[in-house]
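K.L.:
only geometry, no sequence info:
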């Protein structure tokens, strides 16, 4: 266990069966460390991978410690574990990264500078690129009736998105993507870290909401760039991912706005997906089945199997194997 002199930040990397992307991301971290300007340590939490990820991370020269789980847990819980360790070790910041997040040069220094310049900023998110260089939306307004109406009117990009690759300067936003999110550990400890009831998706939205309720705010920093390879989005119809996204959104709304609002937002959110489903039937290159699954998952988020069930099934298999031995 590494407990040494406090550092400026701890790189908090969560990995689930993403060995090759993990190593690519660790190489990028090493380049950021070599460029200097801050002190750091690298913690990797391996979420019970079976592809040799944990051993590969231990062998990487940038990594100080690997926390290898023997059962799979949710992203919110794993991010909280790493942020808590960073805070206990005296680090001022924890940089949340997925295994599929690849920092571009200068990203860390840009994020640190943004938080250092704004004492009440509890978190700062980077601009995200797809592997082909296309920009992604990376910061948004908090979900609610207003954002649901905007999306139903197909005004999502204009009225809901607050930060993407075209944003010119650092700005305050409601919440930013946790694929590359620098968190002030003091703020995270104050609000109790991320809520483990969110297995994955909307966990960072809830976290930002609770930061805001406690007097902190979030930033979007376009000068910090990260390539987001989106490992979880593979597959023609990522069934479990769609189900888990709908669950997370509904959980957030019920937690912060109540059941009645959550039900109305379900209908408003399903509407643009239904329109896309119809359009996809006649437009080439669009997957009507995927849009239709978004409709059903949004209207009935309690049905279907999500990523939580996939993890539970994996854990049961591992437990059965132990019992057999």
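P.N.:
Okay, I see it. Only a predicted model underlies this, so the values are computations on that prediction, with no experimental measurement involved.

K.L.:
For the strand or helix carrying residue 310, give me every contacting residue.
P.N.:
Residue 310 is part of helix 307-324 when elements are defined by DSSP states H and E. Contact with helix 307-324 is made by 48, 70-74, 199-200, 232, 240-241, 243-244, 247, as judged by C-beta atoms under 8 Å, 6 or more residues apart in numbering. No exception for glycine: its C-beta is placed from N, CA and C like everyone else's.

K.L.:
Now render those residues as JSON lines, adding secondary structure and neighbour count.
P.N.:
Formatted as JSON lines, the contacts of helix 307-324 follow (DSSP: H, G, I helix; E, B strand; the rest coil; neighbours: other C-beta atoms under 10 Å):
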{"residue": "48", "secondary structure": "coil", "neighbour count": "18"}
{"residue": "70", "secondary structure": "coil", "neighbour count": "10"}
{"residue": "71", "secondary structure": "coil", "neighbour count": "13"}
{"residue": "72", "secondary structure": "coil", "neighbour count": "20"}
{"residue": "73", "secondary structure": "coil", "neighbour count": "20"}
{"residue": "74", "secondary structure": "coil", "neighbour count": "22"}
{"residue": "199", "secondary structure": "coil", "neighbour count": "23"}
{"residue": "200", "secondary structure": "coil", "neighbour count": "25"}
{"residue": "232", "secondary structure": "helix", "neighbour count": "19"}
{"residue": "240", "secondary structure": "helix", "neighbour count": "18"}
{"residue": "241", "secondary structure": "helix", "neighbour count": "21"}
{"residue": "243", "secondary structure": "helix", "neighbour count": "27"}
{"residue": "244", "secondary structure": "helix", "neighbour count": "28"}
{"residue": "247", "secondary structure": "helix", "neighbour count": "24"}
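
K.L.:
Lowest-confidence one in these?
P.N.:
When the contacts of helix 307-324 are compared by pLDDT, residue 232 scores lowest at 47.

K.L.:
ok, back up a step: got the buried residues for the helix holding residue 310?
P.N.:
Across helix 307-324, burial judged by 16 or more other C-beta atoms under 10 Å covers 307-308, 310-311, 314-315.
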